[in-house]
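Chemist: Could you look at this predicted model? Sequence included:
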Amino acid sequence: MENKTQENRLRVGVGIGVMIFRDGRVLLGKRKGSHGAGEWAPPGGHFEYGESLEESAGREVREETGLEIESINFLSLYNQKDYMPKHVINIGLTAKWKSGEAKVLEPEKCEEWKWCEIDNLPEPLFATVKNYVVAIKTGKNYFDS
């Protein structure tokens with residue numbers, strides 16, 4: 001049984017992050033209780049079996065913030081190994097805010113949400129965010145750590 005547990009820990013996961021834009025700002029939350037605690041990141045999480053990228057983005061954003069989003073687009077792909085032994089293929093997406101006010105709906109995972117100017121983001125940033133900003137500004141869409 002221990003080999004099975006070890007094997008599951010060594011699997012590569014698939015995650016998403018959603019850079020939501022509203023009035024020229026992006027939504028970031030201060031992470032807690034997991035890898036990257038104390039770092040600022042957009043809504044996101046694990047990609048679920050059978051979901052489309054749009055379904056996953058909408059679900060994660062609703063679960064974490066209560067917001068509704070639209071105009072979801074691909075931003076980047078990142079082979080993320082910054083928080084080893086956690087190894088994730090991260091799919092970065094952009095979206096536009098549609099409705100609602102950001103609320104902390106998972107207080108065990110996030111301390112607060114705030115809308116930030118892309119050129120004045122809080123520190124420290126979750127590893128994916130640095131790549132998202134490069135992708136937004138340059139169009140580069142593949143990153144490998």
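Modeler: Everything's here; your move.
Chemist: So Pro85 versus Leu10, what's the distance?
Modeler: As for Pro85, its distance to Leu10 is 7 Å (criterion: Cβ to Cβ, to the nearest Å). In short, each C-beta sits where N, CA and C put it, glycine included.
Chemist: now swap in Glu68 and tell me
Modeler: Distance from Glu68 to Leu10, counting by Cβ to Cβ: 37 Å.
Chemist: More neighbours: which of the two?
Modeler: The neighbour comparison of Glu68 against Leu10 (other Cβ atoms under 10 Å) goes to Glu68, with 13 against 9.
Chemist: I figured that one was touching Glu101, is that so?
Modeler: No - assessed by Cβ atoms under 8 Å, Glu68 is found out of contact with Glu101, at 10.9 Å.
Chemist: Show me the longest strand that occurs in this structure.
Modeler: strand 68-83 (DSSP state E).
Chemist: Now that one: buried residues?
Modeler: Ile69, Ile72, Leu75, Ser76, Leu77, Tyr78, Gln80, Asp82 (16 or more other Cβ atoms under 10 Å).
Chemist: Would you mind pulling the contact partners of the helix or strand just after it?
Modeler: Once the chain leaves strand 68-83, the next helix or strand it forms, by DSSP states H and E, is strand 86-99. Contact with strand 86-99 is made by 10, 12-22, 27, 35, 47, 53, 57, 61, 67-81, 128, 131-132, 135-136, as judged by Cβ atoms under 8 Å, 6 or more residues apart in numbering.
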